[in-house]
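Q: I would like the atomic coordinates for the input below:
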Amino acid sequence: MCGIVGYIGRRPALPVIIDGLKRLEYRGYDSAGVAVTGNGRAGVTKTEGRIDALIAKLARAGAPQSTVGIGHTRWATHGRPSDANAHPHTDCSGQLAVVHNGVIENYLILRQGLEARGHKFRSETDTEVIAHLIEEHYNGDLVEAVRKVTPLLAGYYAFVVLRTDEPDRLVAVRRENPLIVGLGDDENFLASDIPAILRYTRRVVVLEDGDFVVVERSRVTVTDFAGNPVERRAMDIEWDAEAAEKGGFPHFMLKEIFEQPGCLKQTLAGRLVNGGPKGPSETGIIFDKGILDTEEVAALDRVFVTACGTAFHAGLVGKHLMEKLARLPVEADIASEFRYRDLLLSRGDLLVVVSQSGETLDTLAAQREAVRRGGRVVAITNVVGSSVAREADEVIYTRAGPEIAVCSTKAYTAQLLAFVLLATHMGVARGTYPADRAAEILHECRRLPELTERVLGGAPAMEELGERLAAWEDVFYIGRGLDYAVAMEGQLKLKEISYIHAEALAAGELKHGTLALIDKGVPVIALVTQPDLREKTISNVQVVKARGGHVIAVAVEGDDEIAGHADEVIYLPKTHPYLEPVLAAIPLQLIAYYAAVKRGCDVDKPRNLAKSVTVE
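A: Numbers count the residues shown, from 1 in each chain. The predicted model follows:
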């Protein structure tokens, strides 16, 4: 997500770091900064905006020349994009600087303690607590100070530290966020991704979770957090620069599909209370700034959900979940329609708006109309500081990181998970969903990244299926309830990148007209993951089979009976039914991707489409 670059060696550090950050621009960012050793303080220069603005600021400031430094491009997660919130962050003395990717889940508690002990903070970020904690534990040895601090940090992170009076080393830690070491001739590099350093070396060590690394000019030492030596083999990178940006994947879309386990971890980070809910006063879920407390949720009369495209399909899942768990009437409407309705919306109503970019014009206009009529707004978005986020009463950030491919994948599954958390929170707070049953959902939320990895293991089978579907000009998707909402997203994925006509239907609607289009061999993807609607969906599958349709069922492991009704079955790991939509989305994404590749389509940039729709 964010970009990290570190350098120690024989040449000036700043040109190397700036070059590396530029090679990570494809990841997306809202601010940039660097720190180098020299003159008794960490020479920090940082700014909101693009790297070119940082270069101009460095030229004006006359930053100290040094052969040791770190740099960062930030995608905001804690605190809005600003100069103050940009990385690197320093301690009170200004001698130590830190760059960091990921989320420190317990940063608020840590910050409160540090402030009580006299530390002065300059930013809103979680990162700054790392600098002050290291300062507090520093006793002349940076390595030992970082080693003492690391166990205090909860969450998912990678960070790099320099201290100006120890200019012969950089110290770095990886916990579930990518970090690599580049090996050079009398120089070494650190980076969050391989493209940053390919100009200088192709010899790379990929760090693993739990690695603690000390990088010096002529030596790299890797241990675990406790200081026990760890052996990590170097590898030679043969990718070209373009392939390296994609992490070795042929397209950004496929890379982003495979990033979903990590994205879901980020969405959950710091939001689940250990042990789950204990009752209405504790829902087991913590949002960034306390969203909809018990009294506010109890006072709600209705909920409206509005969004566009993929985000709207996430909103349909959210509608079902809020109705089931919070027992509130929920309306979901496409934003371009919602904004022109004669809205019957009052002060007791809540509007949930969903937008990956936070700048979708129709969604933003619908939000403003709701506010004008007195409604309360919760935004689910991926971009801190976006218009949707700034103008909402409350925000749930999905933390999926930048999406490069026009076709949304990881942002969608992160939105689904955000809705699971919101609906569960509302249900417990209203007393309409028992705390023990909510705890079951949250337990399965913790398992979700691992289950997502298992689904991705089926990619070869999805490739074969997608290549077969590429020969068809019509594909149908059917489902009921939550499965129908996922079917709508599946068909959108297929048609927007492969240009195959695809249509999603509520399974019970087949017999009301569309069944006339089912002929021998026509592919029909049937989602059958919801136990309460399973038998009804199977009866619709039988109707398709009777007309000669080729049925590809998406079902849950253990449902052996479904194989007797379908031609093929894609099995998903068993989890709570309310989380199955997250897992079910992934094979549909893969099928669409491989069908598009087989047809020779431009997967990352499909015709006539744009990533952020800021026109009506």
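
Q: quick one: average pLDDT of stretch 300-312?
A: Per-residue pLDDT over stretch 300-312 has a mean of 94.

Q: how far does that stretch stretch from one end to the other?
A: 22 Å (C-alpha to C-alpha, to the nearest Å).

Q: and the residue nearest the centre of the chain, how close does it get to residue 193?
A: When C-alpha atoms, centre = their mean is applied to the chain, the residue found nearest the centroid is residue 400 (1.5 Å). In this view, residue 400 and residue 193 are 17 Å apart by C-beta to C-beta, to the nearest Å. C-beta coordinates here come from the backbone N, C-alpha and C atoms, glycine included.

Q: likewise for residue 89?
A: For residue 89, the distance to residue 193 - C-beta to C-beta - is 21 Å.

Q: these two: which is more packed in?
A: residue 89 (30 against 22; other C-beta atoms under 10 Å).

Q: you'd agree that one is up against residue 125?
A: Yes - with contact defined as C-beta atoms under 8 Å, residue 89 and residue 125 form a contacting pair (6.5 Å).

Q: what mean pLDDT does the helix or strand where residue 70 lies get?
A: Using DSSP states H and E, residue 70 sits within strand 68-74. This predicted structure assigns strand 68-74 an average pLDDT of 95.

Q: mind listing the strands in the stretch 401-550 of the chain by residue range?
A: For the stretch 401-550 of the chain, the strands defined by DSSP state E, counting those that start in this stretch cover 474-479, 501-506, 523-528, 550-556.

Q: could you export those as TSV, including distance to residue 161?
A: Formatted as TSV, the strands of the stretch 401-550 of the chain follow (distance: least, C-beta to C-beta, whole Å):
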stretch	distance to residue 161
strand 474-479	50
strand 501-506	50
strand 523-528	48
strand 550-556	46
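
Q: nearest to residue 441, of the ones you listed?
A: Proximity to residue 441 (C-beta to C-beta) singles out strand 550-556 among the strands of the stretch 401-550 of the chain, at 16.1 Å.

Q: just after that closest one, pick out the following helix or strand.
A: Counting by DSSP H and E, what follows strand 550-556 is strand 568-572.

Q: in this protein, where is pLDDT below threshold?
A: 1, 63, 241-242, 275, 278-281, 289-290, 610-616 (pLDDT under 70).

Q: still on that earlier bit, of the strands of the stretch 401-550 of the chain, which is nearest residue 604?
A: Closest to residue 604 of those, according to C-beta to C-beta: strand 501-506, at 19.3 Å.

Q: packing partners for that closest one?
A: If contacts are counted by 3 or more C-beta pairs under 8 Å, 6 or more residues apart in numbering; DSSP states H and E, strand 501-506 sits against strand 474-479, helix 482-498.

Q: residues of the helix or strand where residue 320 lies that come out buried?
A: Using DSSP H and E, residue 320 falls within helix 309-326. Neighbour counts over helix 309-326 (16 or more other C-beta atoms under 10 Å) mark 309-322, 324-326 as buried.

Q: now stretch 74-89
A: Result for stretch 74-89 [16+ other C-beta under 10 Å]: buried residues 74-82, 84-89.

Q: rewinding a little: what's the angle between the helix holding residue 320 and helix 482-498?
A: 170 degrees (axes from the mean of the first three to the mean of the last three C-alpha atoms, to 10 degrees).

Q: helix 309-326 versus strand 501-506: what angle between them?
A: Using the same axes, to 10 degrees: helix 309-326 against strand 501-506 is 10 degrees.

Q: could you list every helix and strand that helix 309-326 packs against?
A: strand 302-307, strand 330-334, strand 349-355, helix 410-430, helix 482-498.

Q: residue 167: which of the ones you listed is closest?
A: helix 410-430 (38.9 Å).

Q: which strands and helices lie in contact with the closest one?
A: helix 260-268, helix 294-298, helix 309-326, strand 376-381, strand 394-397, helix 435-456, helix 580-598.

Q: how far does it sit from its chain's centre?
A: Relative to its parent chain, helix 410-430 has a centroid offset of 14 Å by C-alpha atoms, centre = their mean, to the nearest Å.

Q: for it, list the C-alpha coordinates in PDB.
A: What follows is helix 410-430 as a C-alpha-only set of coordinates in PDB (Å, rounded to 0.1, in the frame of the first residue of the first chain):
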ATOM      1  CA  LYS A 410     -10.200  -6.000  -3.100                       C
ATOM      2  CA  ALA A 411     -12.100  -2.800  -2.400                       C
ATOM      3  CA  TYR A 412     -15.400  -4.700  -2.900                       C
ATOM      4  CA  THR A 413     -14.600  -7.500  -0.400                       C
ATOM      5  CA  ALA A 414     -13.300  -4.900   2.100                       C
ATOM      6  CA  GLN A 415     -16.600  -3.100   1.700                       C
ATOM      7  CA  LEU A 416     -18.500  -6.400   2.400                       C
ATOM      8  CA  LEU A 417     -16.500  -6.900   5.600                       C
ATOM      9  CA  ALA A 418     -17.100  -3.300   6.700                       C
ATOM     10  CA  PHE A 419     -20.900  -4.000   6.300                       C
ATOM     11  CA  VAL A 420     -20.600  -7.200   8.400                       C
ATOM     12  CA  LEU A 421     -18.900  -5.200  11.200                       C
ATOM     13  CA  LEU A 422     -21.500  -2.300  10.900                       C
ATOM     14  CA  ALA A 423     -24.500  -4.600  10.900                       C
ATOM     15  CA  THR A 424     -23.200  -6.700  13.800                       C
ATOM     16  CA  HIS A 425     -22.400  -3.600  15.800                       C
ATOM     17  CA  MET A 426     -25.900  -2.200  15.200                       C
ATOM     18  CA  GLY A 427     -27.600  -5.500  16.000                       C
ATOM     19  CA  VAL A 428     -25.900  -5.900  19.400                       C
ATOM     20  CA  ALA A 429     -26.400  -2.200  20.200                       C
ATOM     21  CA  ARG A 430     -30.100  -2.400  19.500                       C
END
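
Q: could you check the angle helix 410-430 makes with the helix holding residue 320?
A: Using the same axes, to 10 degrees: helix 309-326 against helix 410-430 is 20 degrees.

Q: can you tell me how far residue 331 sits from residue 508?
A: If you go by C-beta to C-beta, the gap between residue 331 and residue 508 works out to 21 Å.

Q: hang on, residue 160 in a helix?
A: No - assignment of residue 160 by DSSP: H, G, I helix; E, B strand; the rest coil gives strand, placing it outside any helix.
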